[in-house]
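[1] Return a 3D structure for these sequence lines:
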Amino acid sequence: QLAAKVCAELLNEESYSASLGGLGLEIFATPRGWALQVDGFSHKMAQLGVRACETLASLATRGDDAEVGEAFSRVLQQYELGLSNACFKVGDRAPYECRPS
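    Residues are numbered from 1 along each chain as shown. Below is the predicted model:
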């Protein structure tokens, strides 16, 4: 799931532009592998799907790339914010009730 979120973050600008044109893009991990969903109606749909597949495939070879590192940091920050909003700290177990520290 983490790699799918990093890939989606890398494609954020393109997927936003596509959404303005009526296309949707979603990348997510499943128990059997990756799932890519492109929806809408446009002659650019195939181009968006190919770009998403290329980005996902390139994650294996771009591990030390600065752009990938920045995308990973943004995704990690989103996870940390979600945990913080749920009264968790990274590494904590779920409390029975939410108490501010």
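
[2] pLDDT below threshold where in the chain?
    Scanning the chain for pLDDT under 70 picks out the ranges 63, 88-101.

[3] Could I get the full set of strands for it?
    Taking DSSP state E, the strands of the chain run over residues 24-30, 33-39.

[4] which residues sit against the first one?
    Spelled out, that is strand 24-30. 1, 3-4, 7-8, 11, 14-15, 18-19, 34-40, 48, 52, 56 (CB atoms under 8 Å, 6 or more residues apart in numbering). All C-beta spots, glycine's among them, are computed from the backbone N, C-alpha and C.

[5] Quick one: mark the members of those that sit in helices.
    Those of the contacts of strand 24-30 mapping onto helices are 3-4, 7-8, 14-15, 18-19, 48, 52, 56, per DSSP state H.

[6] out of those residues, what pair is the most spread apart?
    Farthest apart among the ones in helices among the contacts of strand 24-30 by CB to CB are Ala3 and Ser19. That separation is 21.8 Å.

[7] and those two? which has more neighbours close in?
    Higher neighbour count among Ala3 and Ser19: Ala3, with 15 against 12, using other CB atoms under 10 Å.

[8] Appreciated, that's everything.
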